[in-house]
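Student: Build me a model:
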Amino acid sequence: MHLIPLYTHLILLTLGNAFLVTLVAVYLNGLGAPAAQIGLVGSAFYLGMLGASFFADRLIQRLGHVRALVLCCVTLALAAVALTWTSLLPLWLALRMVAGMAAAVSFVAVESWVLGVAPLHRRSSAMARYMLVYYFSYGISQLFIDWIPAGHNAAFWLATGLCALAMLPLLWAKKPDLSAEAGANANSGKPPRADRALGLAGCLVAGMLLGALYALMPIQLQQLARGDEIGLYMAWLILCGMAFQLPNGSLADRLGKRTMMAVQTLMIGAACLLLWESGGDGMLILAFALLGAGVFTLYPTTMSYACGKMHGRALVKMTQKLMFAYSIGSLTGPMMAGMMLEKFQSGLFLFIILLVAGWALWLLLVRLVLDKPLGDAA
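Tutor: Next up, the predicted model:
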């Protein structure tokens, strides 16, 4: 119950920010902007996220979680409304980069808050609830595109209002007590270096997978003669990812996080093999269900694993590092998958198969080096 104000804030901020991400691309396309320019503006947002991963922990440590989130809301609202004041490309790039920085700080603050107040044996479940709220809000935000004309300034004002409104629930949010295990206890909760490396690699892989799916799955479906059903399949993909969040969190807490990483890897690999070999509707639906369930749960599982039993400043710093790895993956994944998609008809699926094969090899190597059963969690 004590996290309800935080989750309400997350819903409102995600509605505004995620809607704006799509709105910017649709708005520029309606103005006849070249695809390269649209892509450049989109990349500026993620470049800002990457840049913020170098200072987010210091900002949160100095301001506190609540005031840092308020600052993010103000920044995102101002960066959204300022887009209506100019059409100059350099200013749009700067505004989207600033928005990306604010979004990254918000992610680090919320995720470290959720992990920090959750019991150690329930951290995966806590991350599952957080991701469920986030993906639900993200999906709902995309409906605004059909309700409000993208070429009208009212759409930008809606995004601005939602980001500003996200400050209100923080008035009732209790400042998280993340310092209870500070000092020696926090350091003793630091997982081994190999476990932290595994978590960082997992977030990198998750970023590459999600970035490639968001950017290129519509194109891949068009190449498979499914162009009229893109919206349905993308919605099914996200819905299955949402549906598996809570079961995955519960199983990760009970069976072990690395066990669930292995399960997710098998699900993703099996899904891509089905997509590669079969063109039937039934198999395609099953494959997308497995793909969504595996890809969308990899990030929260690896994140809770890498954080181990950390608390306080150590937890915020680790969350920042994981955000950095995820941002790198989000930037590089679509580029690598795009090159493969140009050469092969099912290039996106081939990219995912090769990526999860490398990830599976890393999981196996970590198990052999650490000499632990696969189900042991940090």
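
Student: Which helix or strand contains Q37?
Tutor: Counting by DSSP states H and E, the secondary-structure element that holds Q37 is helix 35-52.

Student: Buried ones in the helix or strand following that helix, by neighbour count?
Tutor: Moving toward the C-terminus from helix 35-52, the first helix or strand encountered (DSSP H and E) is helix 56-63. When neighbours are counted by 16 or more other Cβ atoms under 10 Å, the buried residues of helix 56-63 are found to be 56-57, 59-60. C-beta: built from backbone N, CA, C; applies to glycine.

Student: circling back to that earlier point, rounded mean pLDDT for the helix holding Q37, please.
Tutor: Computed over helix 35-52, the mean pLDDT rounds to 83.

Student: who touches that helix?
Tutor: Applying Cβ atoms under 8 Å, 6 or more residues apart in numbering, the contact partners of helix 35-52 are 21, 24-25, 28-29, 89, 92-94, 96-105, 107-108, 323-324, 327-328, 330-331.

Student: Selection in ChimeraX covering whichever of these are buried, please.
Tutor: Buried members of the contacts of helix 35-52, identified by 16+ other Cβ under 10 Å, are gathered into one ChimeraX selection as follows:
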select :21,24,25,28,92,93,96,97,98,99,100,101,102,103,104,105,107,108,323,324,327,328,330,331
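
Student: Can you flag which of the contacts of helix 35-52 belong to helices?
Tutor: With DSSP state H as the criterion, helices contain 21, 24-25, 28-29, 89, 92-94, 96-105, 107-108, 323-324, 327-328, 330-331 from among those.

Student: still on that earlier bit, quick check: the farthest pair among the buried residues of helix 56-63?
Tutor: When these are compared pair by pair using Cβ to Cβ, the two farthest from each other are D57 and L59, 7.3 Å apart.

Student: Which elements pack onto whichever helix or strand V66 is part of?
Tutor: In this assignment (DSSP H and E), V66 forms part of helix 65-81. Helices and strands touching helix 65-81, by 3 or more Cβ pairs under 8 Å, 6 or more residues apart in numbering; DSSP states H and E, are helix 4-30, helix 56-63, helix 89-117, helix 153-165.

Student: Please write out the alpha-carbon positions of the second one in PDB.
Tutor: Read it as helix 56-63. Taking Å, rounded to 0.1, in the frame of the first residue of the first chain, the C-alpha atoms of helix 56-63 are listed here in PDB:
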ATOM      1  CA  ALA A  56      21.900   9.900 -11.900                       C
ATOM      2  CA  ASP A  57      23.000   8.300  -8.600                       C
ATOM      3  CA  ARG A  58      24.800  11.500  -7.500                       C
ATOM      4  CA  LEU A  59      21.700  13.600  -8.300                       C
ATOM      5  CA  ILE A  60      19.400  11.200  -6.400                       C
ATOM      6  CA  GLN A  61      21.800  11.100  -3.500                       C
ATOM      7  CA  ARG A  62      21.900  14.900  -3.300                       C
ATOM      8  CA  LEU A  63      18.200  15.600  -3.800                       C
END
